[in-house]
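Visitor: Task: produce atomic coordinates for the following.
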Amino acid sequence: MTLACSDCSAPITRQSKTGRCRTCATRVTLADPVMAARRKAAHRAACAQPSYRAMMSAARAKTEAERRDDPQWKAYKVASGRRLRADYNASEAGQAANRAKRASVGQKARERMLAWCPADRRDEYTKLREKIGAPEARRMMEADIALRESARLAAMTPFERQMERVKNGARVVDKPVFRKADHDFTLGGVATGLI
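Guide: Here you go, the predicted model:
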């Protein structure tokens, strides 16, 4: 006796728990909103892990390297990019969401690129960069920051410098005592010259 799918009458095995073929069972599962929400939550949790993101990035780089010279792969990517662009152009909601996020994305990129520069001196760096170019402006700013920091530290007392280091994460450790014994003999009464 042959078992058949309850939806499309395709043959199924006795191991089928849903009474459907694989194609129909997958379609029903993907259409279920509860299952979709669980799947999305699991995917978000996985993507939050840096190790998972690194693994997926490595897998993607491997795929790109393997298919770099394949003309069909290039054509597929071009067609996919055109389809995505057409979908974006047709979606007013997508364009509005993009416009709403542009400022915050730009601010995050600025913060990441200028992390080396103190926040209160970034406007000064920007003006300097426009006048003499980014590499020279950064070199000058870093030299000035180092000079000001050394002057600030020089104005501090040794105790204040130590407290500054502790505030920045240094640990307080006991200083080892490397002192010679005051006496010229051992406590056992044996002369030190015979040892």
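Visitor: export stretch 165-185 as CSV, just CAs?
Guide: Extracted as CSV, the C-alpha positions of stretch 165-185 are listed here (Å, rounded to 0.1, in the frame of the first residue of the first chain):
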residue,chain,number,x,y,z
ARG,A,165,46.8,55.2,35.8
VAL,A,166,44.6,53.3,38.3
LYS,A,167,41.5,55.1,36.9
ASN,A,168,42.5,54.0,33.4
GLY,A,169,42.8,50.3,34.4
ALA,A,170,46.2,49.8,36.0
ARG,A,171,46.4,47.5,38.9
VAL,A,172,47.9,48.1,42.3
VAL,A,173,50.4,45.4,43.2
ASP,A,174,52.8,45.0,46.1
LYS,A,175,56.3,46.1,45.5
PRO,A,176,58.7,43.2,46.0
VAL,A,177,61.5,43.7,48.5
PHE,A,178,64.9,42.6,47.2
ARG,A,179,67.0,43.5,50.3
LYS,A,180,70.0,41.7,51.5
ALA,A,181,70.1,40.3,55.0
ASP,A,182,71.7,42.7,57.5
HIS,A,183,73.9,40.0,59.0
ASP,A,184,76.9,38.1,57.6
PHE,A,185,76.0,34.7,58.9
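Visitor: Tell me how confident the model is about it, as a mean pLDDT.
Guide: This predicted structure assigns stretch 165-185 an average pLDDT of 80.
Visitor: Next one, pLDDT for the most centrally placed residue in the chain please.
Guide: Using C-alpha atoms, centre = their mean, the residue of the chain that lies closest to the mean C-alpha position is P50, 6.7 Å off. Model confidence at P50, expressed as pLDDT, equals 93.
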